[in-house]
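S.K.: here is a sequence together with a model predicted from it:
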Amino acid sequence: MLIATLVVGAIGAVCALILGISLVTFAVKMDAREKEVVEMLPGANCGACGFAGCAALAHEITVNPEAPMACPAVKEDTIKAIAALLERDMGSLEPAVACVRCKGGPQEAPSRYEYVGPRDCRSAQLVAGGPKVCQYGCLGMGSCVTVCLFDAMAMGEDGLPHVNIDTCTGCGKCVEACPRGIIALVPKTGTYCVSCISEDAPKDMKKICSVGCIKCGICADVCPFEAITAEKGKAALIDQDRCRKCGLCTGVCPVSVITGRTVPEKARIIPGACIGCGICEQVCPTEAVSGRAKEPYSVDPGTCIGCGLCLAKCPADAIERYNA
Amino acid sequence: MSPFKGGVHPPEEKALVRDRAIEDFPLGARYSVPVQQHLGAPARAIVKAGDAVRKGQALSEPQGYVSVPVHAPTSGTVKGVAKVVHPVTGLLSPGVIIEADGKDEWAEGLPLRRDPFAMDKGELLEAIRGAGIVGMGGATFPTHVKLNPPEGKTIGTLIINGVECEPYLSSDHRLMVEEPERVLKGIQVAMRVLGLDRAVLAIEANKPDAIRVMREKAPGEITVSPLSVKYPQGSEKQLIKALTGREVPSGGLPMDVGTVVQNCGTCAAIWDACSAGVPLIERITSVTGRGVRNPKNIRVRVGTLLRDVIDFCGGLDGAAKIIFGGPMMGIAQFTQDIPVMKGTSGILVLTEKDADIGGYSPCISCGRCVEACPMGLIPSTLSRLGERDLWQAARKSGLTDCMECGCCTYVCPARRPIVHFIRHLKALSRSAGSKQAKGA
Amino acid sequence: MKDVFVSSSPHIHSPEDIPWIMRQVVYALMPGALVGVYFFGLPALSVIAVSMISCVAVEALWQKGMRTKVQVGDWSAALTGLLLAMNLPAGCPWWMVAIGSAVAIVFGKQVYGGIGSNPFNPALVARVFLLISFPVAMTTWPRPRPFFEQAADAVTGATPLGALKTAIFEHHTITAAPRLDLMDPFLGNIGGSLGEISALAIILGGLYLIIRRIITWHTPVAFLGTVAVFTGILWKINPDLYAPPAFHLVTGGLMLGAFFMATDYVTTPISLKGKAVFGIGCGLITVIIRIWGGYPEGVAFSILIMNALVPLINRATQPRRFGAST
């Protein structure tokens, strides 16, 4: 009994010793902060940052003071926390989310044949170009949903993928996975996009799909910021850098193919500070500002679209935005 | 002793059309000629709506060396260059729509009368290219490129592929039996282009009449070589292995082992082009399968609509799948509004029973695909990688060596679409490659 | 044209699908199973029935519970049940068989993801589980009696390999073991698991599988050959201590293992070279266990151990690629 105890004890001691030695000998030197950064990153290893995974990015931003915060998936306060930890400025990223640019489910744009094979859009695309009657439209087999690491996409009852913009991190995996380039990243505020990328002529498209962009160009005409291009033969396209999320385009689109969420902000003029120059009235795209020269101007909240143009132009900083 | 490793023996099913003489398909009213009917750089249409064209007139202009023109199948008026469904990609691509005038008049000066054996190599290659000749076995690679190996490659053997290993099809078979002179003369022209004094014509043993006819007619410098039946013997690499024992290195071409392989139908087209200046505007194709009422072998103009061909053969009967090409490598079609192409070696209509449509289940590692793969790959592994999009790992497992012959998928007891998974991996690998090229 | 199907080539398939293959193996096991029933009577039949039914039932329940497609129609669960039964003593109580079936399907197969994903042969996993859990019941071997002379009180005895082990253990020589007419194990007139007793019946089934191209000869030939050569060498060295190769070939579960268990698709190497390596490995381990190990029989353990090595064997025995430079 005693011998047995001793033997087992000795084996344990030897093992502990070997483990201890190897721990010291094979230890990997690492900045302690790097580990903390890894903890803060999402841990999905999605690769959207361009590095091999979250640990690789953490290493880069820890050792290289110039490296930007390349992860599109982290929240604003996390970036702040990492910046505080590393004692440097991390900049900030405009959060983006995915937008599915097709509204033609099996009801609106049916299949042209019975596809037999793996339920995967990229696979289906290889067989006679995909079963969808529109060769620009969503194949509806959910490759984007499969690759999403954040469970932010799901196939809806309409046969199309839907993005949950609260969980979508804008990593871009789905953009890559879609064989037809239907998914695009759009700013999380607003999320305006034209939900059609068809290059078919309107009359051809109408034959096969009831909800596509008819290339009428009304949206481009109405956009106060020249953010929409309606090239001949192509569906309208929103330039996200120029878009001010005013939502005018969604209202005028005759086929309701433009989607987005209007920013619930309005402008108002601070009476005491207004110098009555009238620049705001001139720049306002919706004629929401009115007043007489040299007197304080006022904004009609009903017509104001919260675009912020007047804010940018006001020489007296007399305009502010508020949540309506 | 097996001529090459792997391979399968699917039911031959050639009896449906094997003994039916070639019928001339009557002149139609409307033709649709896709501009892209070859593998390589695209060609550009040079006609516009309203143009009058005559039979054999070029409709497009090749762009680059690996590119060939297409020609008007008959005389008539161009209705326009429209976007038509391409039978290979299934996508819309430009095609010349021609309304026939019924006169079927040849273009100026055609057909010529000239002696190809008095022409030099350059003239012959130009004639072949100008006639728009591509590999008619189905791969549609421009023939003039294959017949003009680059400096430093010595060609010792010309192999003529009369194997026709795809089940059901008999177009090459009928051509060899009924028009042996065109094939043999074309072989001699190809030999002249390559500067060779001998050629081997390979025919599988299931075509004894073709072997007999060819043996009777062939001049001394053309050896007729019967081969035991095994799919995919008609694949270039396997055919070279079976005839010469040499293996084309991985990633290489037949010329790397001193051989050039030409399909026997291509040789007949070479003869027409070089002796008469007649471009490739018609071909022999087998319309077969149990889903079509009267299976036939037909001589049909390129650009004829499938709908017309099906009508000519008595219409469909229980069709579940319509395939351009054979059952192993052919392309399934979803519409009858597509044209017969230069590479359409067969039009196969399968019934639901023959097509065996259904789902698939997980791989059970039975190893049948490994035994069947003529390229020595492990298709089961590739298919599993395909399910997980792991194209990098697949490249290490020989992804690019796969020629998609379909043996693995044919034998798979789990009915896994292995070839489909491999195509998926190749597409992922390609798009990643082009992304990399853009980024660099 | 909406009614046509479009898919990637090829468009035709060999008619030999998984259910067909599984059924062929079941047919091939029939001679062995019938010999078992002949010599062990109705208890053997009930073990077979309970095992097959419970395997199918457990698989169906599991797949229902997991909300995956119920795929018992592929016959693989039925085959696992039959193989398990063939590896059990005929006197096994029904509940033990049922437990074994559940272990085979759940822990041998489904926890890894179902058909195609299990690293170990499910029937052997269950057999070893039962052997360790119920050692007495699993080594109580009813004496074989022709079917029409079955008695109500089954007499039990040792298997030839068990007798051999006892003789060596107690007398340090095999000559102390009762003499065995090799025709008995060949025809099945010995104690043992209900499906392993007749070498002849198993070989007949195995040949059927080879002729129908369900299995290749590589694994069984390598397995049996290795056992024959290895035991042959030992026997030449000391015939008093080591039994002759013919004895080893026809006794125990060797034939059953070589033809039916070491040729299981999922858990064995994929290439022909790999199959041969697998067979040799199984042969070596079997002999080592039989001669020097604590158990009289080592076939099940050898196959399970080699199962674990399959990924390595697969990696080392890749086929030569066409056009490869070497």
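M.R.: Nice, thanks for sending it over.
S.K.: ok, longest helix in the chain?
M.R.: Answering for chain A, as no chain was given. helix A:2-25 (DSSP state H).
S.K.: wait, chain B
M.R.: For chain B, the helix with the greatest residue count under DSSP H is helix B:418-439.
S.K.: contacting residues for residue 247?
M.R.: No chain in the question, so chain A it is. A:192, A:260, A:261, A:262, A:305 (C-beta atoms under 8 Å, 6 or more residues apart in numbering or on different chains). Just so you know, the C-beta spots here come from the backbone N, C-alpha and C atoms, and that holds for glycine as well.
S.K.: that's the other chain; I wanted chain C
M.R.: By C-beta under 8 Å, 6+ apart, the contact set of residue C:247 is C:160, C:180, C:182.
S.K.: redo the contacts of residue A:247 as CSV? Include neighbour count, distance to chain B and pLDDT.
M.R.: Below are these laid out as CSV (neighbours: other C-beta atoms under 10 Å in any protein chain shown; distance: C-beta to the nearest C-beta, whole Å; pLDDT from 0 to 100):
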residue, neighbour count, distance to chain B, pLDDT
A:192, 24, 27, 87
A:260, 22, 29, 82
A:261, 14, 32, 77
A:262, 16, 35, 72
A:305, 22, 38, 79
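S.K.: show me the helices in the stretch 1-150 of chain A, by range?
M.R.: Along the stretch 1-150 of chain A, counting by DSSP state H, counting those that start in this stretch, helices occupy A:2-25, A:32-40, A:54-63, A:76-86, A:121-125, A:143-147.
S.K.: buried deepest among those helices, which one?
M.R.: With neighbours taken as mean count of other C-beta atoms under 10 Å in any protein chain shown, these reach their highest mean count in helix A:121-125, at a mean of 24.
S.K.: other residues contacting it?
M.R.: The contact list for helix A:121-125 (C-beta under 8 Å, 6+ apart) reads A:115, A:117-118, A:130-131, A:139-144, A:177-180, B:420-421, B:423-424, B:427-428.
S.K.: tabulate the contacts of residue A:247 (CSV), appending distance to chain C.
M.R.: Converted to CSV, the contacts of residue A:247 look like this (distance: C-beta to the nearest C-beta, whole Å):
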residue, distance to chain C
A:192, 37
A:260, 36
A:261, 36
A:262, 41
A:305, 46
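S.K.: with distance to residue C:245 and secondary structure added, can I get the residues you listed in CSV?
M.R.: What follows is the contacts of residue A:247, written out as CSV (distance: C-beta to C-beta, whole Å; DSSP: H, G, I helix; E, B strand; the rest coil):
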residue, distance to residue C:245, secondary structure
A:192, 82, coil
A:260, 82, coil
A:261, 81, coil
A:262, 87, coil
A:305, 93, coil
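S.K.: and these as a markdown table, adding distance to residue C:299?
M.R.: Below are these laid out as a markdown table (distance: C-beta to C-beta, whole Å):
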| residue | distance to residue C:299 |
| --- | --- |
| A:192 | 70 |
| A:260 | 69 |
| A:261 | 68 |
| A:262 | 74 |
| A:305 | 81 |
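S.K.: pick out whichever of these sits closest to residue B:81.
M.R.: Of all the contacts of residue A:247, residue B:81 sits closest to residue A:192, with 37.1 Å by C-beta to C-beta.
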